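**Q** have a look at this prediction, sequence included:
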Amino acid sequence: MREMARFSCQVKLITKMDTSIVDSSTLVPGDIVDLTDPPLSIFPCDIILLTGDAIVNESMLTGESVPISKGPIKGEDLTRWRQTGEVSSEIAKSMLYSGTKVVRIRGPAHGFVDAPAMGYVVRTGFNTTKGALVRSMLFPKPIGFKFYRDSMRFIGVLAGIAILGFMVSAVQFVRLGVPWHTIVLRALDLITVVVPPALPATLSIGTSFAISRLRALGIFCISPTRVNVGGKVNVVCFDKTGTLTEDGLDILGVCALERDGQRFREIAEDVLDIPQSSDKANILHAMATCHSLKVVDGDVLGDPLDVKMWNFTQWTIEENTTIVPIKKGANAEGTSQQTAPLVQNIVRPPGTRRFTLDDALKGDKHAHFLELGVIRTFEFVSGLRRMTVITKRLKSKSMEVYLKGAPEILADVCEPGSFPADYDDLLSYYTRNGYRVIGLAGKSVDGLSWLKAQRLKREQVESGLRFLGLLIFENKLKPGTTPAIATLRQASLGCRMVTGDNPRTAVSVARECKLINSTAFVFYPSFTEGDATNPRAILEWRGVDDESLRLDPYSLRPLPPPPHVVDEERIYKDYDLAITGEIFRWMIDYAPLETLQQMLYKTHVFARMSPDEKHELVERLQSIGYTVGFCGDGANDCGALKAADVGISLSEAEASIAAPFTSKTPDIGCVIEVIREGRAALVTSFSCFKYMALYSLIQFTTITFLYSFASSLGDFQFLYIDLFIIIPIAVAMGRTLPYDRIHTARPTSSLVSRKVLSSIIGQIIITSAAQAWVFFWVRTQPWYKLPLPPKPGEGLETNNYENTVLFLVSCFQYILVAAVFSIGPPYRKPMWTNGWLVASMVILSMFSAWVLLTPSISVALILNLMSLPWSARLALAVVVVINVTASFAFENWLVESIATTVKVLMRASGRRRRREGRIYEAVGR
Ligand SMILES: Nc1ncnc2c1ncn2[C@@H]1O[C@H](COP(=O)(O)OP(=O)(O)OP(=O)(O)O)[C@@H](O)[C@H]1O
């Protein structure tokens, strides 16, 4: 992250007087820089492009590695930016964002001279878009995760115990005449014993190991706190295209119109089967020009859908570099003209050659040259679901407009009479069968000049079009999709599809990947009265496969089916809802709360969702108590990826800041890994927390016994316990691997649950009882000698029998509780599979046994141990064995029953535990 945040490079700064090479960290807003010399690979700050053009890869910000083209800013847009500082969609087309990669950047070519591409620095450091994201990573918005809240409370309780212990000890110390400075020193000791400073570090050990294991699987995490949250995810939303299905979908064919335009022709599976048309605006030309492809070093780059469509035509493409002025006028320091390429791309049919000067000199004989130039492109916008180009054929007097987009939006931009009679039937046939359908439309505009074409507004261009045909793409599932969905569903994790695609296609794909059962009844709403803008509109929910089936519009439960439905029982049990973005928004705004909640609970397919609606859906699912994971691949998923509790971006970028997790493995199997690791990390954090809490309480008990007669543990004893026992064990505890399968229930994130508290309290009682026994037992022994009284002005006495027996027994207790709290299945592999933990426990136990039974004199001296008779050593060993047996027996057989008894008692006394915010449980009942 540091590397990413502190990126700097050499840039050429242009001033009025001269140019100089400077480090990018010295740039300030207002500087003008040359972007071509020295060539940049990554932009060091937010820069507005003044001259030239660029192709960039913004995957670092958006997760999507489709090349994006940037052009020089218009004068009025620059003025608007200076006044408002807002990045409108127009300004974004000229904004080169800090941290994004340069695919190509070049200056405007005026004749034979290559001028530099110049940029205007507008934001640097933390003020850039990347900076804002880095800031949000450094200071993440606090996530209200129960585990973190509970751990704070728990630390508060421990601090309370420390203060209480200190007050009791202080009274005792004063009674015994211990000097004030020793009392203060020991008070601080007590606080660090009870609230160990290593606690936060040990809590993050499990998370760190989980992150490194995920990295080995190609999953990068930039927000460690989200790892534990991953363990609590109970519903996962998936984007469809590029996430569940392959990105570069093959074209099944093209459905063009018959010559009379009244019906569709047979689907053309080869470009040669597409009918020749004498119309100026025809479907083949639409496919050849209506895309945002870029040619970089001979490679055609762009949206996979565009690439497939383009490859289907078999035409050739060439990028044009001639830049011409649009109008005069100052637009920024250093430039005085607004420019645009004369033609963006030139496309030709296969086998034809470029039109040259010689051909032009031959007069009219060049009519056979077919060359289409793209004059202007209105890029694809997810919210609009379409893109448009204005093209010009060589020597033609007219210009042609081609639009490509979702079939649903064609009705808004095409003339109603241009649709064939079988439009709905064909569309429904392909979408029902799970194909991705894209519509094509076009029109020819006579007498449109180049300059006028540059000034036209998008709405003007995208109107009065004629429907040309449909492109049918296959919707191939990625190989990992179905098994991953099956794994998640078996683990009782909810799966939702959230897509920009057509609802029927989405339902079909959802059935194919078993996100919804293939036999489930699916209901889909439509307005019977009013529309999405009308609060009083009325919705009707009909069966997707059988329109006679209906849902009750309020409760969204099936109404009694008509008599022909044989399997009547199943309709009540196994039904799902599918909804579109438009109706989703209407329901959010106007539907009764109960209906809305039922819709959120029951809907598995959300189709035609805009980026904002995807984001809103995540928030709404969270509002009914779900912990939401979102897995997506595109820029249109950015908002949802950020809003989700756990966002996983499938991206080629190494750690995109679009989401806390970025997976280089291109299928949704990464979701399973994140959940498995998250659960294991959560359980590890729990184990470590419980272990650290118990370790401090065991030490607290020892010290409290010793303080009672003005004694304490010696410095080396403290050192040995903290450094040689606790640290290796706590670190090794975090290395236990996650369990192979995902269990149907999530691990608890509540530290104050009955089970956790019963376990901690029970273990405290057992270990304290063992310590109390040895403490009083040693005093009854014939060889026991009273400790020396504290010497005035000196610290506490540490050489005494009580100290020795308590130290020897407690050393085993620190190891023992690690074994007791190392919970294995169902979230982690069994403790014995963790070689580091087993090795450290065996070595430490053997060493402790040696120190107990036959220590060497030097070790006894270092650890302040008194010499004990052999029988006493054996007696202590027996206490240790009893303690171990009691602790394991309690943990394995009693904790569960105590927790259940407490639950029953609480119920009997009328106190019922409220499950915070889990509205979905009530909705699902
Ligand atoms: N390059 C494109 N040109 C024109 N229209 C497109 C293009 N890509 C997608 N569309 C249309 O716009 C719709 C919305 O696209 P969007 O990218 O938001 O979602 P999606 O790709 O369909 O699905 P998902 O949200 O699952 O990735 C698509 O369903 C398609 O009809």
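**A** Arrived safely, thanks for sending.
**Q** least trustworthy helix or strand in the protein by mean pLDDT?
**A** strand 323-332 (a mean of 47; mean pLDDT, DSSP states H and E).
**Q** below-threshold pLDDT in the stretch 501-650 of the chain: ranges please.
**A** Within the stretch 501-650 of the chain, the ranges that satisfy pLDDT under 70 run 566.
**Q** what's the local residue count around Gly835?
**A** 10 (other Cβ atoms under 10 Å). No exception for glycine: its C-beta is placed from N, CA and C like everyone else's.
**Q** pLDDT at it, what is it?
**A** Turning to Gly835, the model gives it a pLDDT of 95.
**Q** cool, the one 4 residues further on as well?
**A** Note for Ala839: predicted pLDDT of 96.
**Q** with adjacent residues omitted, what lies nearest to it?
**A** Leaving aside its sequence neighbours, Ala839 sits nearest to Ala732 (Cβ to Cβ, 6 or more residues apart in numbering; 7.7 Å).
**Q** now do Ser204
**A** The shortest distance from Ser204 to any non-neighbouring residue, by Cβ to Cβ, 6+ apart, is to Pro224 (6.8 Å).
**Q** for that neighbour, give its distance to Leu199.
**A** Using Cβ to Cβ, to the nearest Å, one gets 16 Å for the distance from Pro224 to Leu199.
**Q** who has more neighbours out of the two?
**A** Higher neighbour count among Pro224 and Leu199: Leu199, with 19 against 15, using other Cβ under 10 Å.
**Q** which ones are touching that one?
**A** By Cβ atoms under 8 Å, 6 or more residues apart in numbering, the contact set of Leu199 is Ile155, Phe689, Met692.
**Q** now swap in Met497 and tell me
**A** The contact partners of Met497, by Cβ under 8 Å, 6+ apart, come to Cys237, Phe238, Lys240, Leu244, Ala506, Val509, Ala510, Leu515, His604, Val605, Phe606, Ala607.
**Q** out of these, list just those in helices.
**A** Ala506, Val509, Ala510 (DSSP state H).
**Q** which of these sits closest to the ligand?
**A** Of all the ones in helices among the contacts of Met497, the ligand sits closest to Ala506, with 7.9 Å by Cβ to the nearest ligand atom.
**Q** just give the number of residues close to that closest one.
**A** For Ala506, the neighbour count with other Cβ under 10 Å is 31.
**Q** again with Val731
**A** Using other Cβ under 10 Å, Val731 is surrounded by 18 other residues.
**Q** and the one 3 residues further on, by the same measure?
**A** Gly734 is flanked by 24 other residues according to other Cβ under 10 Å.
**Q** just Ile409 next, same as before
**A** Neighbour count for Ile409, taken as other Cβ under 10 Å: 17.
**Q** thought Val381 was touching it, still the case?
**A** No - if you go by Cβ atoms under 8 Å, Ile409 and Val381 don't touch, sitting 10.9 Å apart.
**Q** before we move on, back to that, who wins for most neighbours among the contacts of Met497?
**A** That'd be Ala506 among these, by other Cβ under 10 Å, with 31 neighbours.
**Q** report the contact partners of that residue.
**A** By Cβ under 8 Å, 6+ apart, the neighbours of Ala506 are Lys240, Met497, Thr499, Ala578, Val605, Phe606, Ala607.
**Q** widest-spaced pair of the residues you listed?
**A** The distance between the two most remote of the contacts of Ala506 (Cβ to Cβ) is 12.3 Å, for Lys240 and Ala578.
**Q** SS state for whatever residue of the chain ends up closest to the ligand?
**A** In the chain, the residue that lies nearest the ligand is Gly500 (2.3 Å; Cβ to the nearest ligand atom). Using DSSP: H, G, I helix; E, B strand; the rest coil, the structure places Gly500 in coil.
**Q** distance of it from Lys404?
**A** Gly500 sits 14 Å away from Lys404, going by Cβ to Cβ.
**Q** can you tell me the element the closest residue to Gly206 other than its chain neighbours falls in?
**A** Beyond its immediate neighbours in the sequence, the residue positioned closest to Gly206 (Cβ to Cβ, 6+ apart) is Thr684, lying 2.9 Å away. Per DSSP states H and E: Thr684 is located in helix 669-707.
**Q** mind checking how far the helix or strand following that helix is from the chain centre?
**A** Using DSSP H and E, the next helix or strand after helix 669-707 towards the C-terminus is helix 715-719. Distance of helix 715-719 from the chain centroid (Cα atoms, centre = their mean, to the nearest Å) equals 45 Å.
**Q** do the same with stretch 217-232
**A** From the chain centre to the centre of stretch 217-232 is a distance of 8 Å (Cα atoms, centre = their mean).
**Q** again, but for stretch 516-524
**A** Relative to the chain's own centre, stretch 516-524 is displaced by 28 Å; criterion: Cα atoms, centre = their mean.
**Q** the residue nearest to Ala839 against Trp836, yeah?
**A** Yes - contact criterion Cβ under 8 Å: Ala732 and Trp836 qualify, at 4.0 Å.
**Q** higher neighbour count, those two?
**A** Ranked by neighbour count (other Cβ under 10 Å), Ala732 and Trp836 place Ala732 first, with 20 against 15.
**Q** what strand or helix carries the more buried one?
**A** Secondary structure (DSSP H and E) places Ala732 in helix 727-733.
**Q** can you list contacts of that helix?
**A** Helix 727-733 is contacted by residues 198, 202, 205-206, 684, 687-688, 691-692, 814-815, 818, 821-822, 834, 836-837, 839-841, 844 when judged by Cβ under 8 Å, 6+ apart.
**Q** Three-state assignment for the nearest residue to Glu582 once chain neighbours are set aside, please.
**A** Spatial nearest neighbour of Glu582, excluding adjacent residues (Cβ to Cβ, 6+ apart): Ala532 at 4.7 Å. Classification of Ala532 by three-state DSSP places it in coil.
**Q** Thr580 is in contact with Ala532, correct?
**A** No - applying Cβ under 8 Å as the test, Ala532 and Thr580 come out as separate, 9.4 Å apart.
**Q** and the closest residue to Leu394 other than its chain neighbours, how close does it get to Ala875?
**A** Nearest non-adjacent residue to Leu394, counting by Cβ to Cβ, 6+ apart: Glu371, 4.2 Å away. Distance, Glu371 to Ala875, using Cβ to Cβ: 101 Å.
**Q** also Leu470?
**A** 88 Å.
**Q** the more surrounded of those two?
**A** The neighbour count for Leu470 versus Ala875, taken as other Cβ under 10 Å, is higher for Leu470 (24 against 18).
**Q** the host helix or strand of the more buried one pairs with which strands?
**A** Per DSSP H and E: Leu470 is located in strand 466-473. Under the criterion DSSP bridges, strand 466-473 sits next to strand 251-256 (antiparallel), strand 436-446 (antiparallel) in its sheet.
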